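1. next input, structure requested:
(one chain, ligands or ions: 1)
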Amino acid sequence: MTLDSKIPSGPIEDRWDNHRFDMKLVNPANKRKFDVIVVGSGLAGGSASASMAELGYNVKCFCYQDTARRAHSIAAQGGINAAKNYPNDGDSIYRLFYDTVKGGDFRSRESNVYRLSQLSLNIIDQAVAQGVPFAREYSGMLDNRSFGGAQVSRTFYARGQTGQQLLLGAYQALARQVHKGKVEMYPRHEMLDVVLVEGEARGIITRNLNTGEVKRWAADAVVLATGGYSRVFYLSTNAMGCNVTAAWRAHKKGAYFANPCYTQIHPTAIPQAGEHQSKLTLMSESLRNDGRIWVPKKAGDDRPAGQIPEDERDYYLERRYPAFGNLVPRDIASRAAKQMVDEGHGVGPTKVGVFLDFEEAIGRLGKHVIEERYGNLFEMYEKITGDDPYKTPMRIYPAPHYTMGGLWVDYELQSTVPGLFVIGEANFSDHGANRLGASALMQGLADGYFVLPYTIGNYLAPRMGQKVGTDHAAFAESEQYVNDRVEKLLAIQGERTVDSIHRELGTVMWEKCGMARSAEGLEEALEEIPRLREEFWSNVRVLGDDEEVNESLEKAGRTADFLELAELMCRDALDREESCGGHFRVEYQTEEGEALRRDDEFTYVAAWEHNGVGKEPTLHKEPLEFEYVKPSQRSYK
Ligand SMILES: Cc1cc2nc3c(=O)[nH]c(=O)nc-3n(C[C@H](O)[C@H](O)[C@H](O)COP(=O)(O)OP(=O)(O)OC[C@H]3O[C@@H](n4cnc5c(N)ncnc54)[C@H](O)[C@@H]3O)c2cc1C
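-> Take a look at the predicted model:
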C-alpha cells in the first residue's frame with residue numbers, strides 16, 4: 001500500500017482553508033443519519049464527541065474510567081500553547097510553527113504543524129467561552145508563561161491544573177450533548193477490538209469492566225482517542241491505567257504504527273525512591289521558568305544543597321545553552337541530566353537526580369509570587385518527598401512521559417484503515433521526534449474541536465445509507481477473539497504476577513530503548529522481549545474471574561499488548577540509524593554529545609505494518625519535505 005498523506009499543496013498558510021473547501025460536506029439534515037463511535041473521553045475524545053454531536057452526528061463515547069472526567073488529560077499541569085502574542089513579545093503563527101518543527105528535530109509534517117499553529121488561536125477562544133479559568137494578569141488579560149524550546153511566552157495556564165480545567169470545559173460541552181441525547185456515554189467499557197467489514201472500520205467490541213459483559217457496537221466510523229503508551233516502561237508519569245490496547249488492536253487489524261521509537265523522557269519528574277514504586281510523579285516544566293537546575297561541580301559531593309557555595313555549583317544548562325538556559329527542550333534537558341548523573345554529579349539518596357532550585361526566584365519575586373504560580377506543585381512535592389521546596393531545592397530526574405509515535409494518520413486524521421480515525425496522543429501526527437512542552441493539549445484539542453469534525457464528513461458524505469448491523473459475521477468473529485483471549489488469560493494460572501512481568505519489561509525498555517539506545521542494546525532487547533512474552537503466556541497468574549471487577553485481568557490484557565508493542569519499538573529504534581529528538585542512538589552524536597541526524601537517509605516517517613506476532617513487520621516510508629523551515633543542526637546555545 002502506498003501511503004497517501006493527503007497533504008494539500010499551495011502556500012502553507014492557505015492549505016487548511018483550501019482543503020476544507022475541497023472536502024465534501026454532509027448536509028445538516030443528513031448528519032443525524034450517521035453514527036460515530038469515539039473511544040476515549042480525554043481532551044481529544046471529549047472535544048471530538050461534543051463537537052461532532054453539536055454538528056448533528058450521533059455519537060457513542062467509551063472510556064474505561066468511571067467518568068469521562070477522569071481521563072488522563074486531567075493530569076496535565078503546566079499549560080497549553082497558542083500564538084496569541086498577548087505579551088507582545090514577538091510571537092506569531094509562523095514562529096509557533098517554526099519552533100514546533102525545529103523542536104521536533106525536523107521529523108514532523110510541515111503542513112500539519114502549520115495547521116496546528118493556526119488552530120491554537122481558536123482553542124483559547126473556545127476554552128475561554130466555556131469558562132475555563134485561565135490565569136489572568138492584574139489587568140484582566142490572559143496571562144502567559146514560557147515553556148521549553150521557545151523564547152517567547154505563549155503558554156496559557158490555570159495554575160498547575162491546566163489539563164483538569166480544560167477537561168472540565170470539554171466535559172461540560174460533552175455533558176450538554178449527553179443531555180440532548182446526541183452523545184451516549186459508556187464509562188467502564190474497554191474497547192478490545194475494532195471490527196472491519198470489507199476493509200472498513202464499522203464498529204468495536206467492548207468488555208464491561210464492572211460486569212465482564214462483552215458487547216458489539218456498530219457505527220459508520222470509529223475514532224480512537226485513547227492516549228499514549230509510555231506505560232510500556234512500567235514506570236512513567238502516566239496514570240496507571242494508560243495503555244496501548246486500543247491502538248495495538250487496530251494495528252493488528254491493519255492500521256500502520258508510525259515512529260513507535262519516538263518517546264519523550266520528561267526532564268523534571270520526582271526521582272524513583274524504591275523498587276516497589278509503580279508510578280512516577282511529574283513536576284511541571286513550567287517550574288523551569290523560575291527554577292534553576294544545578295549539580296555540585298565536584299563529583300560525589302555529599303553535602304546538603306544549602307552547604308554548597310555558589311561557586312561550587314554547576315548550572316549546567318545555563319552554562320551549555322546560554323540562549324535558552326533552563327528552558328531548552330525536553331530531550332536536551334533530559335540527556336544533560338543523565339550525563340551529569342552518569343559522570344557522578346547526581347544528588348539525593350540514590351544519586352540519581354539533579355537540583356531544581358527556587359532560592360533565587362523567591363529572593364527576586366517573593367515567596368507569595370512563587371506560591372501563586374506553582375503552589376499546588378510545591379505542595380505535591382512536599383507530600384511525596386517530605387522536603388519543603390520553598391526551603392531546599394527540589395530533586396528531579398527524567399522519566400518516560402509522552403509518546404510522539406502512534407498510529408499513522410493522514411492530514412485528515414484517518415489511519416490506513418478506512419473509517420478509522422485517530423486523534424490526540426494516540427496518533428503520531430504533529431510532534432516529530434520531540435514534543436515541545438504545552439503542545440500536547442494544543443494538538444488534542446485542535447484535533448477534537450477543529451480538525452476531525454470537518455474531515456470525518458469528507459469520509460462519511462459518500463457513504464449515506466450503507467449501514468452494517470452487529471449481526472454481521474465480522475462482529476461475531478471479533479467477539480469470539482475477545483472471549484477466547486480473556487479465557488486464555490484466566491486459564492494460564494502460572495506463578496508470576498502481571499506486575500512482575502510488566503516491571504521486567506519496563507526495565508528492559510528503560511535500559512535498552514530509553515534515554516540512550518545502541519544497536520547492541522536493542523538487539524539484546526529484541527531477544528529478551530519475545531522470551532518475556534513467552535514467560536507471560538505460560539507463567540502469569542491472573543486472579544479472579546471475568547464476571548466482576550477484575551483489575552488483574554484488565555492489567556494482564558494491557559501488559560500482553562505492551563509485550564508486543566515493545567518489540568516494534570526496539571525494531572524501529574534499531575532501524576533508525578541516526579539520532580533525532582528523543583531518539584538518541586549513542587553511535588550517532590556530535591562531538592558535543594548532541595543528537596546527530598542523518599537527513600540524507602532518514603527524513604521520513606516510519607510506518608510499520610503488522611504481519612503477525614513475532615514476525616518481521618513491513619516498513620513503509622512516508623518522505624518528509626521541508627519547504628519552509630530548512631533542516632539544520634538544532635542549536636539552543
Ligand atoms: C503528568 C502529566 C502532565 C502533563 N502536562 C501537560 C501540559 O501541561 N501540557 C500539555 O500540553 N501536555 C501535558 N501532558 C500531556 C497531555 O496531558 C496528554 O498528551 C493529553 O492529555 C492526552 O490526551 P488524549 O485525549 O489524547 O488522551 P487521554 O487523556 O489519555 O485519554 C485517553 C482516553 O481513552 C480512554 N481509553 C484508552 N484506552 C481505551 C480502551 N481500550 N477502551 C476504552 N477507552 C479507552 C481512556 O479511558 C481515556 O478516556 C501531560 C502529561 C502527563 C502525564
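
2. may I have stretch 415-434 as CSV, with CA atoms only?
-> Written as CSV, here are the backbone C-alpha positions of stretch 415-434 (Å, rounded to 0.1, in the frame of the first residue of the first chain):
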residue,chain,number,x,y,z
SER,A,415,-5.5,5.8,9.6
THR,A,416,-4.6,3.3,6.9
VAL,A,417,-7.9,1.5,7.8
PRO,A,418,-10.7,3.5,6.0
GLY,A,419,-13.2,4.8,8.5
LEU,A,420,-10.7,4.5,11.4
PHE,A,421,-9.6,8.0,12.7
VAL,A,422,-7.1,8.5,15.4
ILE,A,423,-6.7,11.8,17.4
GLY,A,424,-4.7,13.2,20.3
GLU,A,425,-1.7,11.4,21.7
ALA,A,426,-2.8,8.1,20.1
ASN,A,427,-1.7,9.3,16.7
PHE,A,428,1.8,10.2,15.5
SER,A,429,0.8,13.4,13.7
ASP,A,430,2.4,16.7,14.7
HIS,A,431,5.4,16.5,17.1
GLY,A,432,8.1,14.7,15.1
ALA,A,433,10.9,13.2,17.2
ASN,A,434,10.3,15.5,20.2
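
3. hmm, it in reach of the ligand?
-> Yes. Using C-beta under 6 Å from any ligand atom, we find that stretch 415-434 touches the ligand at 424-426. The way it works is simple: take the backbone N, C-alpha and C, and place the C-beta from them, glycine included.

4. would you tell me whether the one helix or strand residue 251 maps to gets close to the ligand?
-> Following DSSP states H and E, one finds residue 251 within helix 245-252. Yes. Residues of helix 245-252 contacting the ligand under C-beta under 6 Å from any ligand atom: 245-246.

5. that helix - what's its average pLDDT?
-> The pLDDT scores in helix 245-252 average 98.

6. is it true that residue 13 touches residue 111?
-> No. Contact criterion C-beta atoms under 8 Å: residue 13 and residue 111 do not qualify, at 10.6 Å.

7. so which of these two has more stuff around it?
-> residue 111 (22 against 15; other C-beta atoms under 10 Å).

8. nearest residue to that one other than its sequence neighbours?
-> residue 7 (4.7 Å; C-beta to C-beta, 6 or more residues apart in numbering).

9. I'd like to know how many residues surround the one you found.
-> With other C-beta under 10 Å as criterion, residue 7 counts 15.

10. same check, this time on the one 3 residues further on
-> Residues near residue 10, counting by other C-beta under 10 Å, number 11.

11. touching, it and residue 18? I think so.
-> Yes. Using C-beta under 8 Å, residue 10 makes contact with residue 18 at a distance of 5.8 Å.

12. contacting residues around the strand or helix carrying residue 383?
-> Element membership for residue 383 (DSSP H and E) is helix 367-385. Here helix 367-385 makes contact (C-beta atoms under 8 Å, 6 or more residues apart in numbering) with 77, 145, 159-161, 270, 273, 281, 283-284, 286-287, 289-290, 358, 361-362, 387-390, 394-395.

13. filter the residues you listed down to the ones near the ligand?
-> Filtered for proximity to the ligand (C-beta under 6 Å from any ligand atom), these shrink to 77, 284.

14. close to the ligand: what parts of the stretch 401-550 of the chain are there?
-> So far as C-beta under 6 Å from any ligand atom goes, the stretch 401-550 of the chain lies against the ligand at 401-402, 424-426, 438-441, 444.

15. residues touching the spatially closest residue to residue 251 that is not a sequence neighbour, list them.
-> Residue nearest to residue 251 in three dimensions, not counting chain neighbours: residue 257, with 4.9 Å by C-beta to C-beta, 6+ apart. Counting by C-beta under 8 Å, 6+ apart, residue 257 touches 247, 251, 405-408, 565, 568, 607-608, 610.

16. show me what counts as buried in the longest helix anywhere in the chain.
-> Ranked by residue count, the top helix of the chain under DSSP state H comes out as helix 551-575. Applying a neighbour-count criterion of 16 or more other C-beta atoms under 10 Å, one finds 552-574 buried in helix 551-575.

17. and that helix, how far out from the chain middle?
-> For helix 551-575, the distance from its own C-alpha centre to the chain's C-alpha centre is 16 Å (C-alpha atoms, centre = their mean, to the nearest Å).

18. swap in stretch 563-578?
-> 18 Å.

19. same check on stretch 511-526?
-> 22 Å.

20. next one: stretch 136-152
-> On the basis of C-alpha atoms, centre = their mean, stretch 136-152 sits 23 Å off its chain's mean C-alpha point.

21. who touches that stretch?
-> Counting by C-beta under 8 Å, 6+ apart, 78-79, 81, 84-87, 89-91, 95, 99, 102-103, 124, 128, 134-135, 153-157, 285-286, 288-289, 323-324, 327-330, 333, 373, 436-438, 636 sit against stretch 136-152.

22. mind doing that once more with 7 Å?
-> 78-79, 81, 86-87, 89-91, 95, 99, 103, 134-135, 153-157, 285-286, 288-289, 327-330, 333, 436-438 (C-beta atoms under 7 Å, 6 or more residues apart in numbering).
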